[in-house]
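**Student:** just to be clear, the model below is a prediction. Sequence and coordinates:
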Amino acid sequence: MLFLATLFAAEASGIYNVRDYGAKGDGTTLDSPAINKAIEAAATAGGGEIYFPAGTYLSGSIRLKSDIHLNLSAGCVILAAPAEMKAYDESESFGGFPEYQDGGHTYFHNSLIWAEGAENVSITGHGMIDGKGLTKKDTERAGNVQGGSIGTGDKAIALKQCRNITIRDITIYRGGHFAIIATGCELGTIDNVTIDTNRDGIDIDCCKYLSVSNCRVNTPSDDALVLKSSYALKKPVVCEHISITNCHITGYKLGTLLSGEYIPEKVNWVCGRFKLGTESNGGYRDITLSNCTFNYSSGLAFETVDRGVMENISVSNVTLNHVHHYPIYITTGCRNRGPKEDTHLSSARDIKISNVVANDCDSLCSIIVTGMKDEPIRNVSLSNIQINYRGGGQPLADPRAYREQGTNYPEPRFAGPTPAYGLYARHVDGLRVDGLIVSCAKPDNRPVVVLDDVRHATVRASEAESKPIAEAEVVAYDCADIRVLE
């Protein structure tokens, strides 16, 4: 009778304590059946708060539903169960449709916390999600496309085609393939979240009207904040109206952001990084990044290589320190992971990057802006950018032989050193550089600026090694209407 009275009280208050539904919180009992029972009870009553008191809740898949709020109180840990417990939901069917995107973007149900088609869902509180039992790698599937249907949990939080979502104040440690992935979601906020994880931090795919603010994301082995537009919804969908502000991106060794040790990870495939791409079937529109800091990470990457658009991109007030590989990278290409009958080209236009300071940058690459010969990048503005490189670069034997993006995977380190140490641009129509300041810790013998097949460019009030960039220091190949102004 006492148990029933407790449940009736929960329904009356709208607060459902998972312990009232059998969760132990002892770190050894599998608590996800009890947690899901509490969610079902709340959903049946029209919604409510699922309350996790302090404790460690060993868990497999937790199935979020509409109008459900997970409240992870201080001292609460949701601990991902090991694979051998077989506690995760099976991956859903993709319906025989070609899997152009990686498996991590294809399957959602095999996650620690997941929702599909839900409205008004939230995960908040000062507790932690520890993805200890999550895998962080895909397995190979037919067609040489990575798959995520592997029978174990591989993401901490996975939301697909949800509306009005909120994730706030929580901490995620060891988030698996993705700590947070939102695909096809609309209207959402991710705020004041701390992530210290072994692969991607936050992936926003085919979404609209989402904001990410005040977050700390440490990803020593992969990307930190990523916008994508994959074929996960079986059609190209633009990722648009996304705002990211006041975030801190780092590439420290796993766990050392949370421990406060802050030990830099060695240069890896990629550390940290804000990126658009690589999956880019729909592209990106109306994206802002502002007031963010990066430390021991890769830089800023803007890529559309799967026939999507990339337009109306604004970046401002960013600092980067100890930068791997490159500081700023803008590219289009024709990797074309998607239906073969789609034959149009990727395109990019109206990109503005301003007020960026980058120190101790790898001298492998300058700022890179590269389009395609038949579809140049249009209207790029770079203003008030100050970069300090390590230096030591040597001139390329043939600067024009620098690898075209084409069908290659768009990672600059595979292309080798850029022809310039300050700025390299190719296949661009409309480039404005205003207030670029470049310095090197030791001499770099490459040109400061190299332009190849660039039309309508202005380089104004810029300097390298404390001297104004003269017209003679801008090397141009097959260009037209190039102006170097003091």
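**Tutor:** Everything's here; your move. Numbers count the residues shown, from 1 in each chain.
**Student:** tell me which residues in the longest strand anywhere in the chain are buried?
**Tutor:** With secondary structure taken from DSSP state E, the chain has its longest strand at strand 309-332. Residues 309-318, 320-332 are the ones in strand 309-332 that count as buried (16 or more other CB atoms under 10 Å). The C-beta positions use only the backbone N, C-alpha and C, and glycine is treated the same way.
**Student:** contacting residues for the residue nearest the centre of the chain?
**Tutor:** By CA atoms, centre = their mean, the mean C-alpha position of the chain lies nearest to V226, the distance being 1.5 Å. Applying CB atoms under 8 Å, 6 or more residues apart in numbering to V226 gives the contacts 200-204, 274-277.
**Student:** any idea how far C207 is from it?
**Tutor:** 12 Å (CB to CB, to the nearest Å).
**Student:** who's the residue nearest to the centre of the chain bridged to?
**Tutor:** Note on V226: beta-bridge partners D203, K275, judged by DSSP bridges.
**Student:** specify which member of the contacts of V226 is nearest to R378.
**Tutor:** L276 (16.4 Å; CB to CB).
**Student:** surely that closest one is in contact with E303?
**Tutor:** Yes. Counting by CB atoms under 8 Å, L276 touches E303, with 5.9 Å between them.
**Student:** what helix or strand does E404 sit in?
**Tutor:** Secondary structure from DSSP states H and E places E404 outside every helix and strand.
**Student:** pLDDT value on it, please?
**Tutor:** pLDDT for E404: 94.
**Student:** how far away from the center of its chain is stretch 385-402?
**Tutor:** 27 Å (CA atoms, centre = their mean, to the nearest Å).
**Student:** er, stretch 162-173 I mean
**Tutor:** 15 Å.
**Student:** avg pLDDT for that stretch?
**Tutor:** 98.
**Student:** please, where are all the strands along the stretch 251-400 of the chain?
**Tutor:** 274-280, 283-304, 309-332, 347-361, 367-370, 377-391 (DSSP state E, counting those that start in this stretch).
**Student:** tell me who's in contact with I328.
**Tutor:** I328 touches 299-300, 353, 356, 367-368, 382, 385, counting by CB under 8 Å, 6+ apart.
**Student:** can you tell me which of those lies closest to R403?
**Tutor:** Of the contacts of I328, the one sitting nearest to R403 (CB to CB) turns out to be I368, at 11.2 Å.
**Student:** the closest one contacts Y326, doesn't it?
**Tutor:** Yes. Look at I368 against Y326 with CB under 8 Å: they come within range, at 6.3 Å.
**Student:** residues shared between the contacts of the two?
**Tutor:** Contacts common to I368 and Y326, judged by CB under 8 Å, 6+ apart, are P412.
**Student:** list the contacts for D444?
**Tutor:** 363, 389, 391-393, 421.
**Student:** now D374: closest residue in space that isn't a chain neighbour?
**Tutor:** With sequence-adjacent residues excluded and distances taken as CB to CB, 6 or more residues apart in numbering, D374 is closest to L345, at 6.5 Å.
**Student:** list the buried residues in stretch 242-249.
**Tutor:** 242-245, 247-249.
**Student:** neighbour-wise, which one of the contacts of D444 leads?
**Tutor:** Y421 (30 neighbours; other CB atoms under 10 Å).
**Student:** what about it, which SS state?
**Tutor:** coil (DSSP: H, G, I helix; E, B strand; the rest coil).
**Student:** does it really touch G391, like I thought?
**Tutor:** Yes. With contact defined as CB under 8 Å, Y421 counts as touching G391 (7.5 Å).
**Student:** what sits in contact with each of the two?
**Tutor:** With CB under 8 Å, 6+ apart as the test, Y421 and G391 both reach 363, 440, 444.
**Student:** from A476, how far off is the first one?
**Tutor:** Distance, S363 to A476, using CB to CB: 22 Å.
**Student:** now do the last one
**Tutor:** Plainly put, D444 is 19 Å away from A476 if you go by CB to CB.
**Student:** point to the helix or strand of this protein where mean pLDDT is at its lowest.
**Tutor:** strand 139-140 (a mean of 40; mean pLDDT, DSSP states H and E).
**Student:** pairing partners for V428 in the sheet, please.
**Tutor:** I377, V454.
**Student:** for it, give its distance to I377.
**Tutor:** V428 is 5 Å from I377, by CB to CB.
**Student:** these two - which one has more neighbours?
**Tutor:** Each of V428 and I377 has its neighbours counted (other CB under 10 Å); I377 has more, 29 against 24.
**Student:** pretty sure the more buried one contacts A348?
**Tutor:** Yes. Using CB under 8 Å, I377 is in contact with A348, at 4.6 Å.
**Student:** who touches both of the two?
**Tutor:** 330, 332, 371.
**Student:** show me the contacts for the nearest residue to W114 once chain neighbours are set aside.
**Tutor:** Once flanking residues are discounted, W114 sits nearest to A158: 4.4 Å by CB to CB, 6+ apart. Taking CB under 8 Å, 6+ apart as the criterion, A158 is in contact with 108-109, 111, 113-115, 178, 181, 183.
**Student:** closest one to D20 out of those, please.
**Tutor:** Nearest to D20 among the contacts of A158, with distances taken as CB to CB, is I113, at 20.0 Å.
**Student:** confidence score at G95?
**Tutor:** pLDDT, G95: 89.
**Student:** output the below-cut-off pLDDT ranges for the stretch 51-200 of the chain.
**Tutor:** Confidence mapping of the stretch 51-200 of the chain against pLDDT under 70 gives the ranges 137-151.
**Student:** do the same with the stretch 251-400 of the chain
**Tutor:** Judged by pLDDT under 70, no stretch of the stretch 251-400 of the chain qualifies at all.
**Student:** again, only this time at 80
**Tutor:** Along the stretch 251-400 of the chain, the model assigns pLDDT under 80 to residues 268-270.
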